[in-house]
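Visitor: fold the following for me, if possible:
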Amino acid sequence: MSHLPFLILETGRPVPSLRRLGPFTHWIRVAAGLSARDTAVCPVLDDAHLPDPRRYAGVFVTGSAAMVTERLPWSERSAEWLREAESHGLPLFGICYGHQLLAHAFGGEVGYNPRGREMGTVPVRLTPEAGRDPLFSTLPSELPAHTTHLQTVLAPPKDAVVLAQSERDDCQAFRIGSQTWGVQFHPEFSAQMMRGYIRARGEDLRREGSCPHGLAREVRPAPKAREVLRRFVRHARQRHA
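Guide: Just a heads-up that it's a prediction; the model follows:
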């Protein structure tokens, strides 16, 4: 069994009202069932040096309030590094911004979702291809997942397999090859975190014609969505077994 740590690329930080719960890196680590000694953090949004990818069992890429289409220097460097990591066979898992960054890195198209903001606990439907995927194969055909995003993967990379969709997003999850996954939803979010994000975006939601109180009432636990993080950890460790 591999004793290599998992690297978490930190591309953003929670809204101020939720920072008491720790950074995204902590949320992901806990949800993935990893201890502090099993993880290393690289705050790429602060222009941190990206390490040799061969030193890790796998990589998580966090969410962010930034937009992939801004082509920020740290983001573009991270995309280049992710391509290098994939060339070494390193398992990769991107969440929200990380999902979009992976799509961008491997030739997909990212932009504002023409269907508008997707927020709250939404039903995510698995595609037939998910039945043959190492992370998604035993999940129910439809499951609740927490979402908050304005941009989306408009066109997945040419070689990507779409694994899940929702009413507002045709690419809630994809896989490239056998080691790279992106999910638009937030498997690391608890119901408390999801409600906190709805409150933080309340003014924007009202301006867009949505009811934040109604969205908050519809929030419910999403344990099946969270399972993909722990399955990714097991999959990555088996590579070194």
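Visitor: when you work out contacts or count neighbours from here on, use the C-alpha atoms and nothing else.
Guide: OK.
Visitor: over to the residue most central in space within the chain: give its phi and psi.
Guide: Centroid check for the chain by C-alpha atoms, centre = their mean gives residue 95 as the closest residue, at 0.8 Å. Backbone geometry at residue 95, expressed as degrees, to the nearest 10, gives phi -120, psi 120.
Visitor: who's in contact with it?
Guide: 60-63, 182-187 (C-alpha atoms under 8 Å, 6 or more residues apart in numbering).
Visitor: out of those, which end up buried?
Guide: For these, a burial check counting by 16 or more other C-alpha atoms under 10 Å picks out 60-63, 182-187.
Visitor: give me the subset of these that lies in strands.
Guide: Under the assignment DSSP state E, those contribute 60-61, 182-183 to strands.
Visitor: against residue 4, how distant is residue 238?
Guide: Separation of residue 238 from residue 4 (C-alpha to C-alpha, to the nearest Å): 12 Å.
Visitor: okay, those two: which has more neighbours?
Guide: residue 4 (16 against 12; other C-alpha atoms under 10 Å).
Visitor: in this structure that one contacts residue 54, no?
Guide: No: with contact defined as C-alpha atoms under 8 Å, residue 4 does not count as touching residue 54 (9.5 Å).
Visitor: what about the helices in this structure?
Guide: 24-31, 73-87, 97-105, 191-200, 202-207, 212-217, 223-238 (DSSP state H).
Visitor: pLDDT (mean, whole number) over the third one?
Guide: If you average the pLDDT over helix 97-105, you get 98.
Visitor: for it, buried residues please.
Guide: 97-105.
Visitor: ok, so of those residues, who is nearest residue 144?
Guide: Using C-alpha to C-alpha, residue 99 comes nearest to residue 144 of those, at 18.2 Å.
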